[in-house]
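Novice: Next one to model:
(4 chains)
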Number of protein chains: 2
Amino acid sequence: MKRNEGERKTSWKQDPEGVKADILAVATSVFAESGFSGARIDEIIRRTKTSKRMIYYYFGDKSGLYARVLEAAYARLRKGEGQLDLQALPPLEALAKLAAFTFDFHRNNPEYIRLITIENIHHGKHLKQSETIPKLNSQIITGLEDLCRRGVEDGTFRDDVDPLELHWTISAFCVFNISNRATFSHLYGDDLFTDAGQERLRARLVTMALDMVRVR
Amino acid sequence: MKRNEGERKTSWKQDPEGVKADILAVATSVFAESGFSGARIDEIIRRTKTSKRMIYYYFGDKSGLYARVLEAAYARLRKGEGQLDLQALPPLEALAKLAAFTFDFHRNNPEYIRLITIENIHHGKHLKQSETIPKLNSQIITGLEDLCRRGVEDGTFRDDVDPLELHWTISAFCVFNISNRATFSHLYGDDLFTDAGQERLRARLVTMALDMVRVR
DNA sequence: AAAAGAATGTACCAAAAGGTTAATTTGTCA
DNA sequence: TGACAAATTAACCTTTTGGTACATTCTTTT
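Specialist: Model prediction:
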């Protein structure tokens, strides 16, 4: 695949969307792997079919690229949840499904969580530049509000449940599972990160979520 | 305070421990503020009373310095817990105290959590170099094992409680509260991070911890 | 088909950043 | 007290790194 030294690429197709998508995909991996400051523009470009110039042509600078990567990560994270169709289920079942799904989804997509963790290290400064992300995320809260309202109406939920607190708790569980895996497993062993361990943690989360809302 | 240009410091006291402590304290702040790759050696040294050479003299290189910073952070984190004297309380009360204390302690010492989060971004590679940290952390688990044993004996705890899972859950709650604050509060508002909100979250954690172990 | 503009590749640059060299001062011990 | 080791300072060096200048090729429009 490697071209000879000094040989110049003498012909190509214009493909702005393809180039942007290529860069974004690779940048997602590299940023998730090494953090914002640790990621190297040259490393990103090396794994890409295009040239360094294109990053600056389309994304302005390293921060701009990271902001777009983060945006895409949030979009895909919330897109999954949106497809759950929680309205179709009784409230308690819907909550159980949401919690279990979130756990699995984060587990299967650790890159997104890592990007969010990295963003927190940098005090959320790229997030503040985005206009699309806040809209995306309000959906999950309105979804939970809906769920709680239905639960209260049919008598299965207590009436003092805070949807935001519920979301916070589920997120804490699912995010920690990814973001602190390296140190936790090194200090305390792998037991909770085996398939069996993860199933136990997921069951624990579902139990906790249901206990938070259920009438006593 | 600024000395004139070119003026050379012509007299000083030797103070290895003081210099090391100075560097460690400043490096803790700078690493916690900017991450490992984002932190600048020059910035660390600028906030220090000593000169750049001293970092390399005492800590080898940037990674070595970070490893020591992380070590110190873990030590102070666990030291707090060690002073709780949980043996003096009935198991359920002891667990409630531990959970609430951990929540407050992490909240009051966000730098340590940030350092651990940063270490996770870097896949725990500095942690692997440390020999003292694993020993420190095993204490918290043996403490919880003790607690569970006492609880089972006096009939207040179920007999299938996993101390490690308990620790994992408490950590998830307390760590997420710090590590994801920037993005969470930006997306969903500050409500849970006000004093009142934090009290609710702490109460929630205690409830959850007790529910995990209590006989039904 | 010519011109204009968008997209792309290559070579290069200036500054930043981690790290080192060499000299100077302080402390210790025979 | 004088030599030797430890501690410290200031200046310097090398590589890395994000970013840019400029030329070239593709695409569209007139």
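Novice: residues touching A:Gln198, list them.
Specialist: A:107, A:177, A:192 (Cβ atoms under 8 Å, 6 or more residues apart in numbering or on different chains). Backbone N, C-alpha and C define where each C-beta goes, glycine included.
Novice: Now with 7 Å, please.
Specialist: A:Arg107 (Cβ atoms under 7 Å, 6 or more residues apart in numbering or on different chains).
Novice: That one and B:Ser51, how far apart?
Specialist: 49 Å (Cβ to Cβ, to the nearest Å).
Novice: same question, A:Val69
Specialist: 39 Å.
Novice: Helices along chain A, start to end?
Specialist: Secondary structure of chain A by DSSP state H: the helices cover A:16-34, A:41-46, A:52-59, A:62-82, A:91-108, A:110-121, A:132-153, A:163-179, A:181-188, A:195-213.
Novice: nearest to B:Asn137, of these?
Specialist: helix A:181-188 (4.4 Å; Cβ to Cβ).
Novice: one step back: which of A:Val69 and B:Ser51 has more neighbours?
Specialist: A:Val69 (28 against 11; other Cβ atoms under 10 Å in any protein chain shown).
Novice: which one is the one residue sitting closest to the centre of chain A nearest to, not counting chain neighbours?
Specialist: By Cα atoms, centre = their mean, chain A has its centre lying nearest to A:Tyr112, at 3.4 Å. Closest residue to A:Tyr112 apart from its sequence neighbours, by Cβ to Cβ, 6 or more residues apart in numbering or on different chains: A:Ala73 at 4.2 Å.
Novice: Now for the one you found: which residues touch it?
Specialist: A:Ala73 touches A:28, A:112, A:115, counting by Cβ under 7 Å, 6+ apart.
Novice: Provide a list of residues in contact with A:Leu117.
Specialist: Slight slip there: residue A:117 is Thr, not Leu. A:179, B:117, B:121, B:179.
Novice: Columns distance to A:Ser37 and pLDDT on top of those, output as a markdown table?
Specialist: Output for the contacts of A:Thr117, formatted as a markdown table (distance: Cβ to Cβ, whole Å; pLDDT from 0 to 100):
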| residue | distance to A:Ser37 | pLDDT |
| --- | --- | --- |
| A:Ser179 | 18 | 98 |
| B:Thr117 | 14 | 98 |
| B:Ile121 | 10 | 98 |
| B:Ser179 | 17 | 98 |
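Novice: and of these, the nearest to DNA strand C?
Specialist: Comparing the contacts of A:Thr117 against DNA strand C with Cβ to the nearest atom of the strand places B:Ile121 closest, at 15.7 Å.
Novice: which residues sit in contact with the closest one?
Specialist: Listed by Cβ under 7 Å, 6+ apart, the contact set of B:Ile121 reads A:35, A:114, A:117-118, A:121.
Novice: Would you mind measuring from it to B:Tyr74?
Specialist: B:Ile121 sits 16 Å away from B:Tyr74, going by Cβ to Cβ.
Novice: got it, and A:Leu166?
Specialist: Taken as Cβ to Cβ, the span from A:Leu166 to B:Tyr74 is 32 Å.
Novice: try A:Thr169
Specialist: In terms of Cβ to Cβ, A:Thr169 sits 26 Å off from B:Tyr74.
Novice: coming back round to it: which of the contacts of A:Thr117 lies at the shortest distance from B:Lys13?
Specialist: Closest to B:Lys13, out of all of the contacts of A:Thr117 and judged by Cβ to Cβ, is B:Thr117, at 37.4 Å.
Novice: Now A:Phe105. Nearest residue, chain neighbours left out?
Specialist: Computed as Cβ to Cβ, 6+ apart, the closest residue to A:Phe105 that is not its neighbour in sequence is A:Gly80, at 5.1 Å.
Novice: looking at it, the one you found is touching A:Asp104, isn't it?
Specialist: No - using Cβ atoms under 7 Å, A:Gly80 makes no contact with A:Asp104, being 9.6 Å away.
Novice: how about the residues of chain A near DNA strand D?
Specialist: When proximity is defined by Cβ under 7 Å from any atom of the strand, chain A lies next to DNA strand D at A:10-14, A:39-42, A:52-53, A:56, A:61-63.
Novice: can you pick the most crowded of the residues you listed?
Specialist: So for the residues of chain A next to DNA strand D (other Cβ under 10 Å), the most neighbours sit at A:Ala39, 22 neighbours.
Novice: Let me see the contact set for that one.
Specialist: With Cβ under 7 Å, 6+ apart as the criterion, the residues that contact A:Ala39 are A:30-31.
Novice: and the gap between the residue nearest to A:Tyr112 and A:Leu65?
Specialist: Noted for A:Ala73: a distance of 13 Å to A:Leu65, by Cβ to Cβ.
Novice: Up against chain B, what does chain A have?
Specialist: A:35, A:37-38, A:114, A:116-121, A:123-124, A:127-128, A:134, A:137, A:141, A:164-165, A:168-169, A:171-173, A:175-176, A:179-180, A:182-183, A:186-188, A:191-192, A:200, A:204, A:208, A:211 (Cβ under 7 Å from any Cβ of the partner chain).
Novice: Just the buried subset of those, please.
Specialist: A:35, A:37-38, A:114, A:116-121, A:124, A:127, A:137, A:141, A:164-165, A:168-169, A:171-173, A:175-176, A:179-180, A:182-183, A:186-188, A:192, A:200, A:204, A:208 (16 or more other Cβ atoms under 10 Å in any protein chain shown).
Novice: buried residues in stretch A:197-213?
Specialist: So for stretch A:197-213, counting by 16+ other Cβ under 10 Å, buried means A:197, A:200-202, A:204-206, A:208-210, A:212-213.
Novice: Dump it to CSV, keeping only the CA atoms.
Specialist: Provided in CSV are the C-alpha atoms of stretch A:197-213 (Å, rounded to 0.1, in the frame of the first residue of the first chain):
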residue,chain,number,x,y,z
GLY,A,197,-19.3,-9.9,36.6
GLN,A,198,-20.8,-7.5,34.2
GLU,A,199,-24.1,-9.4,34.2
ARG,A,200,-24.2,-9.0,38.0
LEU,A,201,-23.5,-5.3,37.7
ARG,A,202,-26.2,-4.9,35.1
ALA,A,203,-28.7,-6.8,37.3
ARG,A,204,-27.6,-4.6,40.2
LEU,A,205,-28.3,-1.4,38.2
VAL,A,206,-31.7,-2.6,37.2
THR,A,207,-32.6,-3.5,40.8
MET,A,208,-31.4,-0.1,42.0
ALA,A,209,-33.3,1.8,39.3
LEU,A,210,-36.5,0.0,40.1
ASP,A,211,-36.0,0.5,43.8
MET,A,212,-35.6,4.2,43.2
VAL,A,213,-39.1,4.6,41.7
